[in-house]
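> Following is a predicted model, sequence given first.
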Amino acid sequence: MPRSARRPSATNTYHVMLRGINRQQIFMDDEDCRRFVRTLSDCKQLSGFELYAWCLMPNHIHMLIHVQNEPLEKIIKRIGSRFVWWYNMKYERVGHLFQDRYRSEPVEEDAYFLTVLRYILQNPMKAGLEKAPGSWPWSSYAHYSGNEDFLTDAAFADGFFTDRAALLDYLCQQNTDRALDEHPRAIHVSDEKATAIAAELTHCRTPEAFRQLDKATQRDYIVRLRQAHLTIVQIARLTGIPSTTIFRFIKME
C-alpha cells in the first residue's frame with residue numbers, strides 16, 4: 001500500500017517523533033544523549049529551524065519544530081544520518097537505528113500548540129521516569145524552568161502567558177493530553193523490580209556470578225531479560241556485561 005502524503009502545516013510548525021527501529025532502545029547512556037543534543041544543535045544552525053520543545057526518551061524522541069529555511073523532510077534526514085553514523089561507529093553496528101519513516105503532525109492552532117508543548121515535556125513523568133517535571137535531564141523543560149540551554153526557543157511559548165511562572169504552572173498541571181504518540185507506552189520496570197526479575201530468572205545474585213556463566217547461557221538470559229522489559233542499562237548493571245555486548249546479543253535475535 002502506498003504511503004499517504006504528509007499534510008503540510010499552515011503555520012510551518014510540526015510535532016515530530018523519531019522512534020527506534022522495532023521500538024528498540026536508542027539511548028544506552030548519557031554520552032548517546034549528549035551526542036544527539038549536539039547533533040540537533042549543529043543541524044539547527046545549518047537548517048535554520050526553531051525548536052520550541054524537545055525530549056529524548058529511551059526509545060524515541062519528540063520535537064516541536066518550526067520550519068523556516070528547509071523542508072521538514074530534509075531537516076529530519078540530516079539529523080538522523082549524522083547521529084546514526086556516529087552511533088553505528090560507537091556500537092560497531094550497521095543499518096538503521098530509527099524506523100524508516102518519522103512520524104509528524106501539523107500544529108496549527110494555538111490551543112493545540114500548548115497541548116503538544118506540555119505533552120512533550122511531561123513525557124518522562126507519564127512514562128514513570130520522574131515523579132514531576134524537572135528531574136529528567138534530557139528535555140527542554142530545564143530551559144523553561146530557568147536553566148538556559150542552547151537549543152530551545154522559548155519566546156513563542158512565553159507569549160501565551162503573563163510570565164514564566166504562569167507557563168511553568170501550565171506545564172506542571174495534571175491532564176489527559178493526547179498528541180502524536182497514542183500507541184501504548186513502553187512498559188517501565190523499576191530498578192527494584194528489575195533486580196527481582198533478574199535474580200529469579202538467572203539465579204545469579206551478583207554480576208560476578210552471572211559472568212561465570214558460559215556465553216550461550218549469558219546471551220539467552222540477556223535476551224529473556226530484555227523481553228521482560230528491562231532496559232539495556234538495567235541489564236548491564238545487574239549482569240556486569242557491557243551495554244555494547246548486550247546490544248549485540250539482542251540484535252542477534
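Received it, and whenever you're ready, just let me know what you need. Residues are numbered from 1 along each chain as shown.
> Quick check: mean pLDDT of stretch 41-48?
Mean pLDDT, computed over stretch 41-48, is 95.
> CA atoms only: put it into CSV for me.
Below are the C-alpha coordinates for stretch 41-48, written out as CSV (Å, rounded to 0.1, in the frame of the first residue of the first chain):
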residue,chain,number,x,y,z
SER,A,41,22.3,21.9,17.8
ASP,A,42,24.5,21.6,14.7
CYS,A,43,21.6,20.8,12.4
LYS,A,44,19.6,23.7,13.9
GLN,A,45,22.4,26.1,12.9
LEU,A,46,22.6,24.6,9.4
SER,A,47,18.8,24.3,8.7
GLY,A,48,17.6,27.4,10.5
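> what's the spacing between that stretch and its chain's center?
Chain-centre distance of stretch 41-48: 19 Å, with CA atoms, centre = their mean, to the nearest Å.
> ok, residues contacting that stretch?
51, 68, 69, 70, 74, 75, 78, 79, 82, 150, 151 (CB atoms under 8 Å, 6 or more residues apart in numbering). Any C-beta I mention is one placed from the backbone N, CA and C, and that applies to glycine too.
> What of stretch 132-150?
By CB under 8 Å, 6+ apart, the residues outside stretch 132-150 that reach it are 27, 33, 37, 41, 51-56, 120-125, 129-130, 151-152, 154, 157, 164, 167-168, 171-172.
> First-to-last residue distance for that stretch?
Using CA to CA, to the nearest Å, the end-to-end distance of stretch 132-150 comes to 23 Å.
> So for it, what gets flagged as buried?
For stretch 132-150, the neighbour count (16 or more other CB atoms under 10 Å) marks 133, 134, 136, 138, 139, 140, 141, 142, 143, 144 as buried.
> Next one: the fifth one from residue 195, what distance?
So the one you mean is residue 139. Distance from residue 139 to residue 195, counting by CB to CB, to the nearest Å: 27 Å.
> what stretches of the chain score poorly on pLDDT?
Applying pLDDT under 70 to the chain picks out residues 1-5, 100, 181-188, 251-253.
> Could you dump the contacts of stretch 41-48 into CSV with secondary structure and distance to residue 237 added?
Converted to CSV, the contacts of stretch 41-48 look like this (DSSP: H, G, I helix; E, B strand; the rest coil; distance: CB to CB, whole Å):
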residue, secondary structure, distance to residue 237
51, strand, 32
68, coil, 43
69, coil, 44
70, coil, 41
74, helix, 39
75, helix, 36
78, helix, 34
79, helix, 30
82, helix, 30
150, coil, 31
151, coil, 29
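> Separate out the buried members of these.
51, 75, 78, 79, 82, 151.
> Relative to residue 215, which of the residues you listed is nearest.
Nearest to residue 215 among those, counting by CB to CB, is residue 82 at 34.4 Å.
> hey, where'd the helices end up in this protein?
For the chain, the helices defined by DSSP state H occupy 30-47, 72-91, 110-121, 123-126, 141-144, 155-158, 164-172, 191-202, 207-211, 215-227, 232-239, 243-251.
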